[in-house]
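J.: no FASTA, just this:
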C-alpha cells in the first residue's frame with residue numbers, strides 16, 4: 001500500500017520505501033519541463049535534492065521513470081503510467097487544502113444551533129440573519145426543543161451550540177456555559193380582553209383562579225410559572241394545557257386565557273402585555289457547548305455574534 005507523507009526538503013532515510021507528495025511533485029515538474037535544473041527551480045529546491053528524491057521514488061517503485069541522456073530527458077513507459085496518477089493525487093491534495101482553508105476562513109462550513117421555541121420566535125432570527133449576512137457560505141442548522149432536551153442533544157455531540165435556560169439541573173452533563181441575558185417574563189392576554197394589570201404592575205397572586213393557557217410538560221416556561229404560583233400559595237387554573245409557543249399565543253389570542261411568556265416574544269405577538277410588579281419574574285438565558293470539546297470556528301463566531309446581540313439587553 002502506498003503511503004503519502006508531507007513534503008520534505010531533503011531525502012530522509014526514515015522515509016525510505018515510502019512514496020512522498022514532494023517526490024510526486026518533483027516527478028511531475030521534471031515530466032513537464034524535461035530538465036532537472038529548471039524543474040528544481042520551479043519547485044524551489046536545490047537540483048541535487050530533487051534528483052535524490054526522484055531516485056528514491058524510482059527505488060520505491062522498482063522502475064526508472066526517465067530516460068536520462070545529456071540534454072534530453074524523456075519519460076519511460078513506467079513514467080508515462082505514473083504521470084496521470086501523480087497529477088490526480090497532486091490535484092486532490094490541492095483541492096483538500098483549499099477545502100480546509102475555505103472552512104477555516106468561514107467561506108464554507110456548518111453550524112448546528114439548538115434553541116427553545118421561545119427564542120426561535122424572538123432572538124434567534126435576527127442573530128442568524130446577521131451571521132448569514134457576514135458568512136453566506138456557512139450552512140445553518142437549527143434544532144428547536146426545550147432546554148432539558150437540548151442539553152441531552154448537545155451532550156451527545158449532535159449540536160455545536162445551544163441556547164438554554166440556566167441554572168442547569170444537577171444531573172446535567174458537563175457543559176461550558178456563558179450567560180447571555182436575563183429576560184423579563186410578562187403576562188399576555190387577548191387584545192379584546194381587559195388589561196389584567198393595576199398601577200405598579202401585576203402581582204402573581206392576581207392570577208389565582210384566572211384561566212391560564214399553559215405550556216406542555218418539560219417546557220421551562222411552564223416550570224417558571226408553576227414555581228411562581230406555588231411560591232405565592234396557589235395552584236394555577238388551566239383552560240388549555242400542552243401547547244408549544246405558537247399554539248399558546250394562538251389560544252391566548254382566541255380569548256381562552258392568559259399566559260406567562262418572555263417579553264421578547266410578547267413584544268412581537270400583538271397581544272396585550274402586562275408586566276409583573278417588582279421584583280418581577282425573570283429567566284436567565286445562556287449559550288452552551290460541550291465542556292470537553294472546543295466548538296468549530298464557525299460556531300465560535302456565531303457565539304460571538306450572540307454575545308454581541310444581547311450585550312446591554
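T.: In hand now; what should we look at? Just so we're clear, the structure is a prediction, and the values are computed from it rather than from any experiment.

J.: In a helix, residue 59, correct?
T.: Yes. Assessed with DSSP: H, G, I helix; E, B strand; the rest coil, residue 59 lies in a helix.

J.: State the pLDDT value of it.
T.: The pLDDT attached to residue 59 in the predicted structure is 93.

J.: now the one 3 residues further on
T.: Taken from the predicted model, the pLDDT recorded for residue 62 is 92.

J.: Quick check: the gap between it and residue 78.
T.: For residue 62, the distance to residue 78 (CB to CB, to the nearest Å) stands at 9 Å. For the C-beta atoms, the positions are set from N, CA and C on the backbone; glycine is no exception.

J.: Name the residue in those two with the higher neighbour count.
T.: residue 78 (15 against 7; other CB atoms under 10 Å).

J.: Any idea how many residues pack against residue 268?
T.: There are 11 residues near residue 268, going by other CB under 10 Å.

J.: which ones are touching it?
T.: 121-122 (CB atoms under 8 Å, 6 or more residues apart in numbering).

J.: Which strand or helix spans it?
T.: Counting by DSSP states H and E, the element that carries residue 268 is helix 263-269.

J.: cool, and residue 154?
T.: Counting by DSSP H and E, residue 154 is part of helix 147-155.

J.: Show me what that helix is packed against.
T.: Helix 147-155 makes packing contacts with strand 109-115, strand 161-166, strand 175-189, strand 281-290 when contacts are defined by 3 or more CB pairs under 8 Å, 6 or more residues apart in numbering; DSSP states H and E.

J.: Point out the other helices and strands that the helix or strand just after the third one packs with.
T.: In other words, strand 175-189. Downstream of strand 175-189, the first helix or strand assigned by DSSP H and E is strand 211-215. In terms of contacts (3+ CB pairs under 8 Å, 6+ apart), strand 211-215 is packed against helix 220-231, strand 237-243, helix 245-253, strand 259-262.

J.: Reformat those into JSON lines and put mean neighbour count and distance to residue 278 next to each item.
T.: Formatted as JSON lines, these follow (neighbours: other CB atoms under 10 Å; distance: least, CB to CB, whole Å):
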{"stretch": "helix 220-231", "mean neighbour count": "17", "distance to residue 278": "14"}
{"stretch": "strand 237-243", "mean neighbour count": "15", "distance to residue 278": "25"}
{"stretch": "helix 245-253", "mean neighbour count": "20", "distance to residue 278": "24"}
{"stretch": "strand 259-262", "mean neighbour count": "26", "distance to residue 278": "16"}
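
J.: Could you list the low-pLDDT ranges of this protein?
T.: 1-17, 169-173, 194-199, 312-313 (pLDDT under 70).

J.: Next, name the residue at the spatial heart of it.
T.: Nearest residue to the geometric centre of the chain (CA atoms, centre = their mean): residue 111, 2.5 Å.

J.: Does that one touch residue 137 like I think?
T.: No. Counting by CB atoms under 8 Å, residue 111 stays clear of residue 137, with 11.6 Å between them.

J.: before we move on, back to that, and the helices and strands packed on strand 211-215: which comes nearest residue 214?
T.: In terms of CB to CB, the element of those nearest to residue 214 is strand 237-243, at 4.5 Å.

J.: gap between residue 113 and residue 148?
T.: From residue 113 to residue 148 the distance is 17 Å (CB to CB).

J.: Between the two, which is the more surrounded one?
T.: More crowded of residue 113 and residue 148, by other CB under 10 Å: residue 113, with 26 against 17.

J.: Run through the bridge partners of the more buried one.
T.: Residues in a beta bridge with residue 113, per DSSP bridges, are residue 142, residue 161.

J.: to the chain's geometric centre, what's the distance from the helix holding residue 154?
T.: 15 Å (CA atoms, centre = their mean, to the nearest Å).
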